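Student: My questions are about this predicted structure, shown below with the sequence.
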Amino acid sequence: VQLQASGGGLVQAGGSLRLSCAASGRTFSPYAMAWFRQAPREERDFVAGISWRGGVTYYADSEKGRFTISRDNVKNTVSLQMNFLKPEDTAVYYCAAGSRLPMTPTTTDAWGKGTQVTVSS
């Protein structure tokens with residue numbers, strides 16, 4: 001499966017952004033999907049994940065209550081709604097596909113190219 005993320009940009013602290021990831025190639029539905037992020041000089045960290053049917057979601061503790069992951073298996077897309085953004089959310093965000101949740105950088109099957117999110121204070 002090929003993944004393409006979009007929707008990043010520059011936003012002020014407290015603002016919102018919605019990231020999208022479009023999948024193509026192999027069938028999208030059996031994959032669990034996730035978002036990761038990587039700040040400069042930092043490791044790539046898990047942000048949120050969703051099961052292939054969408055019934056199970058996982059969030060990193062710092063994102064609970066602010067971010068919402070969703071997917072549309074008809075349109076082959078997964079989205080990340082990010083609210084109440086903070087400067088520390090600044091990073092390159094990547095979508096990923098994997099066989100199960102929770103997902104780690106070493107258990108993914110496919111990565112999309114990242115999209116930059118910058119939150120100004």
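Tutor: That came in fine, so what should we check first?

Student: for the protein, which spans come out with low pLDDT?
Tutor: Applying pLDDT under 70 to the chain picks out residues 28.

Student: Point me to the residue sitting closest to the centre of it.
Tutor: Closest residue to the average C-alpha location of the chain: residue 35 at 2.3 Å, with CA atoms, centre = their mean.

Student: can you tell me the helix or strand for that one?
Tutor: Under DSSP states H and E, the secondary-structure element containing residue 35 is strand 32-38.

Student: Just the residues contacting the helix or strand just after that strand, thanks.
Tutor: Where DSSP H and E defines the elements, the next helix or strand beyond strand 32-38 is strand 44-50. Strand 44-50 is contacted from outside by 32-38, 56-60, 63, 67-71, 78, 80, 93-94, 101-105, using CB atoms under 8 Å, 6 or more residues apart in numbering. Using the backbone N, CA and C atoms, a C-beta is placed for each residue, glycine as well.

Student: Quick one: the strands in the protein, in order.
Tutor: 2-6, 9-12, 17-24, 32-38, 44-50, 57-59, 67-72, 77-82, 91-98, 108-111, 115-120 (DSSP state E).
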